[in-house]
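> Only the shape, not the letters, is given here:
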Ligand code: SF4
Ligand code: SF4
């Protein structure tokens, strides 16, 4: 395809005349490249206010975690826990960069002084490592003062916003049941006014999945450049979980059929989730490559070129992303904050040893080793990797347990996009920007290398 001085490729033809053979060759290459060792760093998401939040979104899986803490619990990370966390996370992180992620509940409920303290405690270590901070917020409590602080200290902010008012307000409500769209938009405008680095995290619940283009156009009209689409999947609690005060089920068992596969009425339908992603992808690939960054598409591209996934759900194995609760307790991951998955406490334990302990017990490794036959034979396994084990509660067509609930949607989506990704990978491999793929939709395209 590529000659020495001059490279010619018709991307139009690439998109329209790719044969199953060329796609298979590319996928095999992906398999070969994908021998890169797993990064041995760790990632800790801190929840300094535990599950407390000023809102009451229908689909939130974390609010009900209050049932797992003692009555009268003060959900606020103490200064002792905060200091131990910052010191140990930096000290034991084997990579030169340390990213602190502050999440909840709603972390801004702690007030600005808490985060000023965070920055002060990080300062003495700044000469040893690159320290970054991210804050995930519902945006409703942001003010000019907050945004000045976030800008000054280079926080990356993830703001939760599901789309235009009628879509967002369907599920994202306050404690009185009122929609929160207007307040979140005030927060978004403040972030934009102060030029704070931000991205939008949009949850895709059942009703939202019927309106992909409304969601995508809305974000573009609001000037949002970085978007992450997050599917909502929750199973109803079984009787044992209900007895602990929970209404939602915990992680699925990977080695036996989950009798309880009843999802909540707000969980996205598998096929609809695939359609939702495809509708947005089709619009994006024609108009917005290189201008709007939909992280789900970036991750897929990443898998296509054979790099390890930056997100646990599409990684071969997981288990290096811990959660630190306000009390200092550490759990295997955000979806595993249950007593059975508690690994230790930051005041007494070394987080790297906790990860090793968790992996030795099989957490994260089974994401790969317990894949059912349907996944092992799947054409898009390299991109999908079977999805998050928490949601593997469906049965395969061989009647095996352990298939991801969203399988239909994932397969549909990854199969749909692979010819485009193939074209983009070829462009990148030959020194052209991936965004040149958009020109192919306006007619045949000939690219000359070196001009
Ligand atoms: S269980 Fe799911 S959410 Fe948790 S680390 Fe693994 S892939 Fe990620
Ligand atoms: S698309 Fe379905 S069968 Fe294929 S790897 Fe993903 S979950 Fe498994």
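Ah, there it is. Remember, predicted model here, so these are calculated numbers, not experimental data. Ligands and ions are numbered 1, 2, ... in the order given.
> list the contacts for the residue in the stretch 1-150 of the chain that ligand 1 sits nearest to?
Distance from ligand 1 to each residue of the stretch 1-150 of the chain (CB to the nearest ligand atom) is smallest for residue 43, at 9.2 Å. The way it works is simple: take the backbone N, C-alpha and C, and place the C-beta from them, glycine included. Contact analysis of residue 43 by CB atoms under 8 Å, 6 or more residues apart in numbering lists 99, 101, 320, 321, 322.
> among the residues you listed, which are in reach of ligand 1?
residue 321 (CB under 6 Å from any ligand atom).
> Of the contacts of residue 43, which is the most crowded?
residue 322 (25 neighbours; other CB atoms under 10 Å).
> so that residue bridges to which residues?
On DSSP bridges, the residues paired with residue 322 through beta bridges are residue 44.
> Isn't it up against residue 343?
Yes - A contact is recorded between residue 322 and residue 343 when judged using CB atoms under 8 Å, the distance being 7.1 Å.
> returning to that earlier point: can you put the contacts of residue 43 in JSON lines and add distance to ligand 2 and pLDDT?
Below are those laid out as JSON lines (distance: CB to the nearest ligand atom, whole Å; pLDDT from 0 to 100):
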{"residue": "99", "distance to ligand 2": "28", "pLDDT": "95"}
{"residue": "101", "distance to ligand 2": "26", "pLDDT": "97"}
{"residue": "320", "distance to ligand 2": "21", "pLDDT": "89"}
{"residue": "321", "distance to ligand 2": "20", "pLDDT": "89"}
{"residue": "322", "distance to ligand 2": "25", "pLDDT": "93"}
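> what's the closest of the contacts of residue 43 to residue 252?
Distance from residue 252 was checked for each of these by CB to CB. The minimum falls on residue 321, at 18.2 Å.
> All the helices of the stretch 101-250 of the chain, in order from the start?
Secondary structure of the stretch 101-250 of the chain, counting by DSSP state H, counting those that start in this stretch: helices at 112-122, 144-152, 165-171, 181-193, 212-221, 239-243.
> mean pLDDT for these: which is lowest?
Comparing mean pLDDT across the helices of the stretch 101-250 of the chain, the lowest value falls on helix 239-243: a mean of 82.
> and after that one, which helix or strand comes next?
Where DSSP states H and E defines the elements, the next helix or strand beyond helix 239-243 is helix 270-287.
> re earlier: got any residues that touch both of residue 322 and residue 343?
Where contact means CB under 8 Å, 6+ apart, the residues bridging residue 322 and residue 343 through contact with each are 330, 331, 332, 354, 355.
> can you put those residues in CSV and add distance to ligand 1 and secondary structure?
Below are those laid out as CSV (distance: CB to the nearest ligand atom, whole Å; DSSP: H, G, I helix; E, B strand; the rest coil):
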residue, distance to ligand 1, secondary structure
330, 13, strand
331, 10, strand
332, 7, coil
354, 14, helix
355, 11, helix
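> Identify the single longest helix in the protein, thanks.
If each helix of the chain is counted by residues according to DSSP state H, the longest one is helix 407-429.
> is ligand 2 contacted by that one?
Yes - part of helix 407-429 sits near ligand 2 under the criterion CB under 6 Å from any ligand atom, namely 407, 410, 411.
> Run the chain-centre distance for that helix.
Between the mean C-alpha point of helix 407-429 and the mean C-alpha point of its chain there is a distance of 19 Å (CA atoms, centre = their mean, to the nearest Å).
> Next, the angle helix 270-287 makes with that helix.
For helix 407-429 against helix 270-287, the angle by axes from the mean of the first three to the mean of the last three CA atoms, to 10 degrees is 20 degrees.
> helices and strands around helix 407-429, which ones?
Contacts of helix 407-429 with other secondary structure elements, assessed using 3 or more CB pairs under 8 Å, 6 or more residues apart in numbering; DSSP states H and E, are made with helix 11-17, helix 20-33, helix 270-287, helix 295-304, helix 381-384.
> tally of neighbours for residue 169?
The number of residues packed near residue 169 is 17, by other CB under 10 Å.
> Chain neighbours aside, what residue packs nearest to it?
The shortest distance from residue 169 to any residue that is not its chain neighbour, by CB to CB, 6 or more residues apart in numbering, is 2.9 Å, and that residue is residue 179.
> Can you name the residues of this protein that neighbour ligand 1?
For the chain, the residues found near ligand 1 under the criterion CB under 6 Å from any ligand atom are 312, 313, 318, 321, 333, 334, 335, 367, 388, 389, 390.
> from those, which two are the most distant?
Taking CB to CB as the measure, the residues of the chain next to ligand 1 reach their widest spread between 334 and 367, a distance of 14.7 Å.
> Looking only at neighbour counts, state which of the two leads.
For residue 334 and residue 367, the more surrounded residue by other CB under 10 Å is residue 367, and the numbers stand at 23 against 17.
> Just put the helices of the stretch 101-250 of the chain in TSV and tack on distance to residue 382.
As requested, the helices of the stretch 101-250 of the chain are arranged in TSV below (distance: least, CB to CB, whole Å):
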stretch	distance to residue 382
helix 112-122	37
helix 144-152	37
helix 165-171	33
helix 181-193	35
helix 212-221	25
helix 239-243	34
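> looking at these, which is closest to ligand 2?
Using CB to the nearest ligand atom as the criterion, the shortest distance between ligand 2 and the helices of the stretch 101-250 of the chain is 19.5 Å, found for helix 212-221.
> For the residue positioned nearest the centre of the chain, give its distance to residue 230.
With distances taken as CA atoms, centre = their mean, the residue of the chain nearest its centroid is residue 311 (6.1 Å). Counting by CB to CB, to the nearest Å, the gap from residue 311 to residue 230 is 10 Å.
> just residue 328 next, same as before
Using CB to CB, one gets 27 Å for the distance from residue 328 to residue 230.
> So between those two, which is more surrounded?
Higher neighbour count among residue 328 and residue 230: residue 328, with 19 against 16, using other CB under 10 Å.
> which sections of the stretch 151-300 of the chain are below the confidence cut-off?
Within the stretch 151-300 of the chain, the set of residues satisfying pLDDT under 70 comprises 254-256, 258.
> Enumerate the positions of stretch 166-180 that are buried.
Neighbour-count burial for stretch 166-180, with 16 or more other CB atoms under 10 Å as criterion, is recorded at 167, 168, 169, 170, 171, 172, 173, 174, 179, 180.
> So of these, which two are at opposite extremes in space?
Of all pairs in the buried residues of stretch 166-180, the most separated under CB to CB is 167 and 174 at 16.6 Å.
> What separation is there between the closest residue to residue 257 other than its chain neighbours and residue 252?
In this structure, residue 257 finds its nearest non-sequential neighbour in residue 401, 4.1 Å apart by CB to CB, 6+ apart. Per CB to CB, residue 401 is found 8 Å from residue 252.
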